[in-house]
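Participant: Structure here, sequence nowhere to be found:
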């Protein structure tokens with residue numbers, strides 16, 4: 001459905017309005033936009049006339065935005081940023097498309113990044129913009145086309161592609177194992193058990209799988225896998241790591257497995273994208289490639 005023209009103001013009107021709201025005065029907005037103060041005032045007045053809504057209260061020579069205007073300015077700011085990002089992407093890659101993807105930091109660097117060369121070789125016209133996010137966010141408030149997400153429940157208002165379930169291995173440094181001999185899972189109960197903020201129940205699930213109750217006192221808390229893995233490699237304690245992170249470290253001798261089985265983790269890795277937006281060709285290409293790659 002095409003909206004009436006009156007509800008689609010020109011970029012010049014919106015840019016002037018947003019700048020005045022953000023900077024607090026027409027003078028500051030004029031300096032930023034390289035316009036005269038009078039030109040900015042006229043653009044704001046024209047926007048009010050087009051919308052039929054008073055956006056500012058005149059207090060002497062100052063314009064004070066109304067509360068509805070401030071909310072409108074936030075949406076306008078996001079729209080202008082999206083247009084700018086799309087324009088930069090088109091300029092950088094006029095023959096293809098741009099895909100903006102939010103990734104989990106360690107998953108992105110240790111699993112995704114080593115495989116991206118294959119995707120780019122198969123899709124030479126696609127430009128990838130990657131940003132890290134530790135927790136789910138609202139697609140409406142971000143400019144990402146899709147995200148790599150971990151958890152038990154899919155995001156609301158989003159389409160989902162399950163990639164693979166997490167499988168967990170208990171690991172420590174060779175030196176830590178030599179100084180703390182362990183032969184059975186229960187031997188871990190009195191050791192320094194490193195923890196991750198996003199997996200607060202991981203050790204409880206690991207010990208429960210082995211018929212044991214997790215100790216109340218554990219070890220240092222980390223907000224990401226990467227520093228926790230480095231701490232384990234330097235002998236600080238025992239880390240529960242996803243299989244795809246642990247196996248390369250074990251193969252290279254920086255970590256060793258402690259007693260115990262590989263245990264199912266507490267969630268699944270997903271690719272998610274907004275349900276109310278038709279996937280762009282770059283997203284479709286990435287989604288299909290990611291499904292094939294994860295299946296391997």
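Facilitator: Good, I have the coordinates. Since we're looking at a predicted model, the values are computed, not measured. Numbering: from 1, shown residues only.

Participant: need the contact list for the spatially most central residue of the chain.
Facilitator: Of all residues in the chain, the one closest to the mean position by C-alpha atoms, centre = their mean is residue 133, 2.9 Å from it. Contact analysis of residue 133 by C-beta atoms under 8 Å, 6 or more residues apart in numbering lists 102, 103, 104, 147. C-beta coordinates here come from the backbone N, C-alpha and C atoms, glycine included.

Participant: if I read this right, the second one contacts residue 112, doesn't it?
Facilitator: Yes. Judged on C-beta atoms under 8 Å, residue 103 makes contact with residue 112 at a distance of 6.2 Å.

Participant: who touches both of the two?
Facilitator: residue 148.

Participant: ok, the closest residue to residue 122 other than its chain neighbours to residue 124 distance?
Facilitator: Distance criterion C-beta to C-beta, 6 or more residues apart in numbering; nearest residue to residue 122, sequence neighbours excluded, is residue 289 at 6.5 Å. Going from residue 289 to residue 124 by C-beta to C-beta, to the nearest Å gives 13 Å.

Participant: How is this protein partitioned into domains?
Facilitator: The chain breaks down by automatic domain parsing into domains covering 5-91, 96-164+268-295, 165-265.

Participant: In TSV: those, plus mean pLDDT.
Facilitator: Formatted as TSV, the domains of the chain follow (pLDDT from 0 to 100):
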stretch	mean pLDDT
domain 5-91	88
domain 96-164+268-295	88
domain 165-265	93
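
Participant: who are the neighbours in contact with residue 290?
Facilitator: Going by C-beta under 8 Å, 6+ apart, residue 290 touches 119, 161, 163, 271.

Participant: wait, which of those is closest to residue 49?
Facilitator: residue 271 (44.9 Å; C-beta to C-beta).

Participant: after the helix or strand hosting that closest one comes which helix or strand?
Facilitator: According to DSSP states H and E, residue 271 maps onto strand 263-274. Downstream of strand 263-274, the first helix or strand assigned by DSSP H and E is helix 281-295.

Participant: Run a quick neighbour tally on residue 60.
Facilitator: Counted with other C-beta atoms under 10 Å, residues neighbouring residue 60 total 6.

Participant: and it, what does it touch?
Facilitator: Contacts for residue 60 were tallied using C-beta under 8 Å, 6+ apart; there are none.

Participant: Ramachandran coordinates for the nearest residue to residue 237 once chain neighbours are set aside?
Facilitator: Leaving aside its sequence neighbours, residue 237 sits nearest to residue 192 (C-beta to C-beta, 6+ apart; 3.2 Å). Main-chain torsions, residue 192, degrees, to the nearest 10: phi -80, psi 110.
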